[in-house]
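Trainee: Following is a predicted model, sequence given first.
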Amino acid sequence: MDQLAIGITYTFVAGMSALAIGLIGQSALRAAGRNPEATNELRTLMILAMSFADALAIIGFVAALIMKFLK
């Protein structure tokens, strides 16, 4: 049962992080379509937002590892 909890913990966090990164990319492309002159600024903000979402996935992975090895 513990292995299932660990798997669900990381699967949920990784799935939500992937969804967030997809939404960030979609929003950036829509904004670039509306205002092509601001593409460089949008790219910078998009990469920053994606790195924050990826950091949350890494935190979820660490939480799953802590659950596994400190049990």
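Mentor: Thanks, I have it.

Trainee: Under the pLDDT cut-off, which ranges of this protein? List them.
Mentor: Of all residues in the chain, none has pLDDT under 70.

Trainee: just checking, what's the longest helix in it?
Mentor: The single longest helix within the chain, with elements called by DSSP state H, is helix 2-34.

Trainee: any idea how far that helix is from the chain center?
Mentor: Averaging C-alpha positions (CA atoms, centre = their mean, to the nearest Å) puts helix 2-34 5 Å from its chain's average.

Trainee: buried ones in whichever helix or strand comes after it?
Mentor: On the C-terminal side of helix 2-34, the closest following helix or strand by DSSP states H and E is helix 39-69. Within helix 39-69, the residues that qualify as buried by neighbour count (16 or more other CB atoms under 10 Å) are 42, 46, 49-50, 53, 57, 60, 64. No exception for glycine: its C-beta is placed from N, CA and C like everyone else's.

Trainee: how deep is Ala5 tucked in, by neighbour count?
Mentor: As a burial measure, the neighbour count of Ala5 was computed by other CB atoms under 10 Å and equals 12.

Trainee: what's the spacing between it and Phe52?
Mentor: Applying CB to CB, to the nearest Å, the value for Ala5 to Phe52 is 26 Å.
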